[in-house]
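Fold the following and give me the result.
(2 chains)
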Amino acid sequence: MNLTLKIWRQKDSNAKGQMVDYKVTDISEHMSFLEMMDVLNEQLVNTGEEPVAFDHDCREGICGMCSMYINGEAHGPDRGITTCQLHMRMFNDGDTITIEPFRAAAFPVIKDLVVDRMAFERIQQAGGYISVNTSGNTQDANSIPISKHAADEAMDAATCIGCGACVATCKNSSAMLFVGAKVSQYALLPQGQVEAADRVKNMVAQMDLEGFGNCTNTGACEIECPKGISLDNIARMNRELMKANIS
Amino acid sequence: MALDSKVPKGPIKDKWTDYKNHIDLVNPANKRHIDVIVVGTGLAGGSAAATLAELGYNVKAFAYQDSPRRAHSIAAQGGINAAKNYQGDGDSTYRLFYDTVKGGDYRSREANVHRLAEVSANIIDQCVAQGVPFARDYGGLLDNRSFGGVLVSRTFYAKGQTGQQLLLGAYSAMNRQIARGKIEMFNRHEMLDVVKVDGKARGIITRNLITGEIERHSAHAVVIATGGYGNVYFLSTNAMGSNATAAWKIHKKGAYFANPCYTQIHPTCIPRSGDYQSKLTLMSESLRNDGRIWVPAKIEDAQAIQQGKLKPTDLAEEDRDYYLERRYPAFGNLVPRDVASRAAKERCDAGFGVNATGEAVYLDFAAAIERYGKEQAKIQNIDNPSEEKIYELGQAIVEAKYGNLFQMYEKIVDENPYETPMMIYPATHYTMGGVWVDYNLMTTVEGLYCIGEANFSDHGANRLGASALMQGLADGYFVLPYTIGDYLSDDIRTGKIPTDTKEFEEAEKEVKDRIDFFINNKGTKSVDHFHKRLGKVMWDKVGMARNEKGLKEAMAEIKAIREEFWKEVKVPGSANEMNPELEKAGRVADFLELGELFAKDALVREESCGGHFREESVELDGPQKGEAKRNDKDFAFVSAWEYKGEPADAVLHKEELEFNDIELKQRSYK
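Prediction:
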């Protein structure tokens, strides 16, 4: 198929960006979206132009690196996937596709489609861990049984890949799905109880400091999340925060 | 230089304990005067960085991604082995040790493998304490599954995302140390050289991938944890950015490179679909617990399927050839990876492949769905369940176990694997070879360590499933923190290593010159153009089956591609900005050297062992007819290559392998 691409080009974080049109031809429907971008970049290199910079790595939907906003949707027009798992069979011959970076005040553009997600790192550093040393001299792994239900729910929360689609999707640029997922994983496990109150307070404080907006329960984040992280995690985080603040 | 593995004396089961009792320690007050650089933040690097910081060293950690959480360990699906014997099925430290040495086709170092088996159980304790949500049974205890090449269930897992959860565990431990200021994290930085001062590794040169700035970083020791070199094939299950540059740079500065020809071609990957393909996707080995692998028994059926005239579900049971179950009745679909991959290639080469390219076999879950369905019907007291009900109940179980993998498959191939068998084919997945290290995990350069997939030590010629995660975390959490302390105990009075010395200046200049060359070269072809050509030579001639003629051709062809690359490569943009093409150019330049050494190593090893299969070395008769033939008399050694300029001129050093605790015998999975 033949396509017109409207792509955000921005030289660096200080430069003013703009949408630029490109044409690609003979795109196979079996290609992944990023393979289509490879074709475009090969074309640009061969004509001496600078290729489009975009983040990507594992190309199997788990590293969380890829971060394109395609036709107004984080990771494009399919559900439960990252950009690298989006396939061209979702598009039609002759389509015009708009490709932008994930946009949020807390995610400044570095170049073209690459954004800076260090805010997520700082939130994790504020409390996204259990303070256990790494000596291996802990108790036996089976000494505290954990109900299958709690373990499964913790796993569902822990499956977040930290891509930032929730932030890019939210009209308030809220990171509450991301933070809620990490808070929930530990809140659901006995090992996470000791520091539960400090954890949620510190992570939420850092989240606010980074300039992410608040949650107004629109639920768009849950729909666009490639890993199906549930809004329940935001509710749980709010409960944990309330618990922490009154105890 | 003679190779000294520094394996401690004494009985194998006491070596590690005795070693730990007698090494020199650094007192806590002195640790804060010692700096350690860790390059790569996957399971090995991440766990090492966290633990070294926890102990009190000042750690500088480097990752090319924007966060340690994105290292490719994250993509490991199936699980992690540990000799916990929670299932009471006869597992033990010795058995894990034995399985790993046997699975590696008797080409690994016994003492290292035994130590790995010893610390394996601690890994699970550690990870649970960190909040890793492993799968549990209804009693709340940890669940296990079985992996290829073993007869026990010792694999712990977190759905099909075990690597992700373990990496997030190590990442959380790192975050705690970053917050305490004990780890200084350098994201989006790439190491481009190591700096040696008086023969010791004392720092690295890096490029800031956002600004293009070249930086000098010093430390008392340098740890390389940058993963494997599978992307030398262009197409592999590795991440796009996975590269061998750090490992290759240290090789050029004196670290020997061991067994480059030992590569794991994983049997269960999604087949390639076209020339545009950028990478291959693995379907976890755990699928072989329940999936049955087959091709049509009759060549005319295979041809009809290739032409799209016949569907797999049309074929009756007796017209299917479950070739693994046929050839290896004891292990069936759970033979080790190298055996399963070669068997798939053998059937496809004979014309029985099942997609348009003829390079695919089926992985079928119909039997598992039926078995689970009947089991569930009994559990739920459903009398005389209909076929539909059985299917529905069975599908739910398969979905609970492998749902994310099935979804991944459907998104890529656009077929529903519950209704029609999956198509799979082998792809490059893991490299057992790597930088040579001694028992301390130190390379042949003093103060330079190498851990995880980047080193060669534990998996011999073939790695068993769920053992990579085990090795990465064992090295990082439990082995390196001891061994590096023994070395650093001499450095308590050294003081900060200055970076304004001639050694740093020279290394920096070399790095800058190479970058300038790429930017200024008036070439005509993209970096990917050369990478794809290299990959094709590697796959065709240094892939699943190798022979003398092909390997000699491969060496000459790779050399020719390399020479053309240095004339014709074209890198747009400038050096002082984010420039992904420039990053790729440096990596491919290194692959173009490593590939030739890889072929040379394969040429010298005139035996078949593990993932290395020489067509000249097969059993000609007896019950093992057609199977790979190892030659212990002449090849029970580690090939450690010393850099001498051109890869063809590399000098071979042999570390003879001694097997005192395990009898050398032919691997039989029949």
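
Can you tell me the centre-most residue of chain B?
For chain B, the residue nearest the mean C-alpha position is B:Tyr430 (3.2 Å; CA atoms, centre = their mean).

Enumerate every residue touching it.
Residues counted as contacts of B:Tyr430 (CB atoms under 8 Å, 6 or more residues apart in numbering or on different chains) are B:Gly228, B:Gly230, B:Thr263, B:Gln264, B:His266, B:Glu453, B:Arg463, B:Ala468. For every residue, glycine as well, the C-beta is placed using N, CA and C.

rerun at 7 Å
B:Tyr430 is in contact with B:Gly228, B:Gly230, B:Gln264, B:Glu453, B:Arg463, B:Ala468, counting by CB atoms under 7 Å, 6 or more residues apart in numbering or on different chains.

cool, and B:Lys625?
B:Glu619.

That one falls within a strand, correct?
No. According to DSSP: H, G, I helix; E, B strand; the rest coil, B:Lys625 belongs to no strand; its state is coil.

Look up how far chain A lies from it.
To chain A, B:Lys625 is 38 Å away according to CB to the nearest CB, to the nearest Å.

Any chance of the backbone angles for that residue?
phi -50, psi 130 (degrees, to the nearest 10).

Mind telling me what element the closest residue to chain A within chain B is part of?
Relative to chain A, the nearest point of chain B is B:Gly140 (2.9 Å; CB to the nearest CB). Following DSSP states H and E, one finds B:Gly140 outside all helices and strands.

Sticking with the residue nearest to the centre of chain B, tell me its helix or strand.
Element membership of B:Tyr430 [criterion: DSSP H and E] is strand B:422-431.

Adjacent strands (with direction) for that strand?
Paired with strand B:422-431 in the same sheet, following DSSP bridges, are strand B:263-269 (antiparallel), strand B:361-364 (antiparallel).

Out of these, which is the most enclosed?
Highest mean neighbour count among these (mean count of other CB atoms under 10 Å in any protein chain shown): strand B:263-269, with a mean of 27.

ok, then the element right after it?
Taking DSSP H and E, what comes next after strand B:263-269 is strand B:292-296.

Does anything pack onto that next one? Which helices or strands?
On a contact count with 3 or more CB pairs under 7 Å, 6 or more residues apart in numbering or on different chains; DSSP states H and E, strand B:292-296 meets helix B:299-306, strand B:320-321, helix B:323-327, strand B:361-364.

From the contact counts, what lies against the second one?
If contacts are counted by 3+ CB pairs under 7 Å, 6+ apart, strand B:320-321 sits against strand B:292-296.

Tell me the strands beside the strand it packs on, with direction?
Short version: by DSSP bridges, strand B:292-296 pairs with strand B:320-321 (antiparallel), strand B:361-364 (antiparallel).

ok, back up a step: now do the residue of chain B closest to chain A against A:Leu189, distance only.
Relative to A:Leu189, B:Gly140 is positioned 12 Å away (CB to CB, to the nearest Å).

quick one, which of those two is more surrounded?
More crowded of B:Gly140 and A:Leu189, by other CB atoms under 10 Å in any protein chain shown: A:Leu189, with 24 against 15.

Give me the phi and psi for that one.
phi -110, psi 140.

Quick one, grab the pLDDT at it.
If you check A:Leu189, the pLDDT there is 98.

okay if I get the strands paired with strand B:422-431 as CSV plus mean pLDDT?
CSV is the format used below for the strands paired with strand B:422-431 (pLDDT from 0 to 100):
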stretch, mean pLDDT
strand B:263-269, 95
strand B:361-364, 97
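
So what's the residue count around B:Val7?
So B:Val7, with other CB under 10 Å, has 18 neighbours.

isn't it right up against B:Ala111?
Yes. Between B:Val7 and B:Ala111 there is a contact under CB atoms under 7 Å: 4.3 Å.

shared neighbours, these two?
Listed as contacting both B:Val7 and B:Ala111 by CB under 7 Å, 6+ apart are B:Tyr439.

ok, back up a step: mean neighbour count, the helices and strands packed on strand B:292-296: which tops it?
strand B:361-364 (a mean of 24).

chain center to it, what's the gap?
On the basis of CA atoms, centre = their mean, to the nearest Å, strand B:361-364 sits 24 Å off its chain's mean C-alpha point.

List of residues touching it?
By CB under 7 Å, 6+ apart, strand B:361-364 touches B:268, B:287, B:291-295, B:312, B:344, B:347-348, B:353-354, B:421-425.

Next SSE downstream of that strand?
For strand B:361-364, the succeeding helix or strand toward the C-terminus, using DSSP H and E, is helix B:366-379.

helices and strands around that following helix, which ones?
Secondary-structure packing of helix B:366-379 (3+ CB pairs under 7 Å, 6+ apart): helix B:387-413.

Spell out which residues make up each domain of the chain.
Assuming you mean chain A. Chain A breaks down by automatic domain parsing into domains covering A:3-111, A:117-246.

The intended chain is chain B.
Taken from automatic domain parsing, chain B resolves into B:268-428, B:507-632.

Now the weakest link among those domains, please, by mean pLDDT.
Across these, the lowest-scoring stretch is domain B:268-428, with a mean of 93.

Now do the end-to-end distance for it.
Taking CA to CA, to the nearest Å, domain B:268-428 runs 10 Å from one end to the other.

list the contacts for B:Gly274?
Shown in contact with B:Gly274 (CB under 7 Å, 6+ apart): A:Ser28, A:His30.

Revised request: answer the last question for B:Ala367.
In this structure, B:Ala367 makes contact with B:Arg292, judged by CB under 7 Å, 6+ apart.

again, 10 Å this time
Going by CB atoms under 10 Å, 6 or more residues apart in numbering or on different chains, B:Ala367 touches B:Asp290, B:Gly291, B:Arg292, B:Glu317, B:Tyr322, B:Gly394.

Kindly report the same for B:Leu393.
Counting by CB under 10 Å, 6+ apart, B:Leu393 makes contact with B:369-370, B:372-380, B:382, B:385.

ok, and the most crowded of those?
B:Gly373 (24 neighbours).

where along chain A do the strands fall?
Taking DSSP state E as the test, the strands found in chain A are A:3-9, A:18-24, A:68-70, A:73-74, A:96-101, A:109-111, A:114-115.

What pLDDT does the model give residue 82?
No chain was given, so I picked chain A. According to the prediction, A:Thr82 has pLDDT 97.

Actually, chain B is the one I wanted.
97.

pretty sure it contacts B:Ile124?
Yes. With contact defined as CB atoms under 10 Å, B:Ala82 counts as touching B:Ile124 (4.7 Å).

Between these two, point out the one with more neighbours.
Each of B:Ala82 and B:Ile124 has its neighbours counted (other CB under 10 Å); B:Ala82 has more, 30 against 26.

distance of that one from A:Asn214?
In terms of CB to CB, B:Ala82 sits 43 Å off from A:Asn214.

Ok, A:Val20 next?
Distance from A:Val20 to A:Asn214, by CB to CB: 34 Å.

Helices along the stretch 551-670 of chain B, start to end?
Per DSSP state H, counting those that start in this stretch, the stretch 551-670 of chain B carries helices over the ranges B:580-604, B:632-635.

One more: the stretch 151-300 of chain B?
According to DSSP H, counting those that start in this stretch, the stretch 151-300 of chain B carries its helices in the segments B:162-179, B:245-252, B:299-306.
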